[in-house]
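1. structure for the following, please:
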Amino acid sequence: MTAVTPPAQQQSSERTFLGHPRGLATLFNIELWERFSYYGMRAILLYYIVDTTAKGGLGLDQSLGEAVVVTYGAAVYLLSVIGGWLADRVIGAQRSVFLGGVVIMAGHLSLAVPTATTSWLGIALVALGTGLLKPNVSTMVGHLYLERDPRRDSGFTIFYMSINVGAFFSPFVVAFLRGQWGYHAGFAAAAVGMFFALIAYVVGRRSLDPRSAQVPHPLSARDRTRVPLLAGGLIALTAATVLISRAWRGTWFDAVIDAVAILSVLASVSYFVVMFRSSDVTPTERNHLRAYLPLWIGAVFFWMIFEQAASKMAAYAANRTDLDSLGFDFSPEWFQSVNPVTIMVLAPLFGLLWVRRAGRFPSTPMKFALGVTLAGLSFVVLSAAAAAFPGATSPVYVLVGVFVIQTLGELCLSPVGLSATTTLAPKAFASQAMALWFLAPATGQSLAAQIIRAMEGLPDGTFFLTLGLMAVVVGLALAAISPWVHARMRDAEPDHEAVTT
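-> Below you'll find the predicted structure:
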């Protein structure tokens, strides 16, 4: 008899894309173009929402516009619950990714039509499509590696670079198109980017691990009868939350902001409860979940700050920054490219560092602690700058420096968090655990939206200092309990003694 090597193991041993399985190249390409479309839209979304209707905008006031943009970002990640559930229980990760891409492209095309109705429809479609696509692409990256393959963190870091290649170019393209032909031309470019993503996916999906096409936890006959009831209950809960908040708040916008916040928290808590109580989760996997919980909470506070790039920081770029301070006209959209270009420069170095330091300091929880603390410090710095430079006098280098500090934190937390999620997730909840990871930015951004509305009228520096100190405290607390966390996840970490070079 001849032994047959499982496909996942075969791919994990191949070195055809920067020393990694060749399927990583396929996922790299689709994520690059999907992020081009997403970040291209995000670079101008706040300006479009708060600009006057005479100039082609939607005419919302500044504070409400900032809260709406943050809530949109939260909704994108909240809807990843649907994408994770569909992949795990109904259609598998590969089909969910393709369907999500089609919906995203339809959303950008709707945004390209110059009416308020199609704009709000387009925003909703992009949020839904990203929820279908985002958690499952990352899960498929995890499928390319054996459970204890020491290349996992490095592979996720390379994958993370694809996000930033697309995110780097899109603000320049969209800013140029907006300047020449208006907001809707920029949104149309995002649709073109998503079209390229779908082509790259269809062409290269044969290189993916076969598990990505499977439904890991399919619905039983009994479960299928319950789905319509559960869907109806979820719709009713959402509608009731919006209506109650509408009666209390007085506006539909604030009602939606509250509803997304409530649903983000409820979804997060429900996922943890279901996983901890599921009979499909082994005692060892439950111990891994205990280690994952504080990491997830730390991520909430990191994303609470980091995802302000498209709202409060975009407003600071347009309204508080001297855009001529470098001797030329610096477009406010260009600040959105600082993070991705810094990632592209530093991600290979961080990936190499994590491989060289494997099994030694810093541990995964300590990386999280560093990431959260750096994010908090970035807003402390921005608060000081807001006090030191009144009006639109802040030099360009201030906001650039803040983005760089946040990027250092991101490299400590985000790719490592993706890897930790696929490593610590119970097997029966693979894609849904990745959805839980994306509920961290949903919850963080929902919290930020509430703070934005609560602090309306207060100085920008007060807002930045409040969020910054909150994150620093959480980061220090996570550092203090990191030995406890590390002890409970040690057996799931890569077997570094088995590394082959």
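2. from residue 260, how far off is residue 445?
-> Counting by C-beta to C-beta, to the nearest Å, the separation of residue 445 from residue 260 is 9 Å. Heads up, the C-betas are built off the backbone N, CA and C, glycines and all.
3. I meant to write residue 57 there.
-> 22 Å.
4. between these two, who's got more neighbours?
-> residue 260 (27 against 20; other C-beta atoms under 10 Å).
5. my guess is that one contacts residue 68. True?
-> No: using C-beta atoms under 8 Å as the test, residue 260 is too far from residue 68 to be in contact (10.2 Å).
6. any common contacting residues for residue 445 and residue 260?
-> 71, 74 (C-beta atoms under 8 Å, 6 or more residues apart in numbering).
7. and the helices in the stretch 201-350 of the chain?
-> With DSSP state H, counting those that start in this stretch as the criterion, the stretch 201-350 of the chain has helices at 221-249, 252-277, 283-306, 312-319, 338-356.
8. and those helices as a markdown table, adding mean pLDDT and distance to residue 184?
-> Conversion of the helices of the stretch 201-350 of the chain to a markdown table gives the following (pLDDT from 0 to 100; distance: least, C-beta to C-beta, whole Å):
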| stretch | mean pLDDT | distance to residue 184 |
| --- | --- | --- |
| helix 221-249 | 83 | 28 |
| helix 252-277 | 89 | 22 |
| helix 283-306 | 91 | 28 |
| helix 312-319 | 92 | 19 |
| helix 338-356 | 80 | 24 |
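9. so which of those helices is nearest residue 376?
-> helix 283-306 (6.7 Å; C-beta to C-beta).
10. check which residues of the closest one are buried.
-> 285, 287-289, 291-292, 294-306 (16 or more other C-beta atoms under 10 Å).
11. ok and that helix relative to helix 252-277, angle-wise?
-> 160 degrees (axes from the mean of the first three to the mean of the last three C-alpha atoms, to 10 degrees).
12. show me what helix 283-306 is packed against.
-> Applying 3 or more C-beta pairs under 8 Å, 6 or more residues apart in numbering; DSSP states H and E, one finds that helix 283-306 contacts helix 252-277, helix 364-388, helix 396-424, helix 430-454, helix 460-489.
13. buried deepest among those, which one?
-> Per residue and on average, the most neighbours among those fall to helix 430-454, with a mean of 25 (mean count of other C-beta atoms under 10 Å).
14. and that one, how far out from the chain's middle?
-> Its chain's C-alpha centre lies 9 Å from the corresponding centre of helix 430-454 when counted by C-alpha atoms, centre = their mean, to the nearest Å.
15. I figured residue 191 was touching residue 109, is that so?
-> Yes: assessed by C-beta under 8 Å, residue 191 is found in contact with residue 109 at 4.9 Å.
16. the two: which is more packed in?
-> Using other C-beta under 10 Å as the criterion, residue 191 and residue 109 rank with residue 191 on top: 22 against 19.
17. mind listing what the more buried one touches?
-> Contacts for residue 191 (C-beta under 8 Å, 6+ apart) come out as 37, 105, 108, 109, 111, 112.
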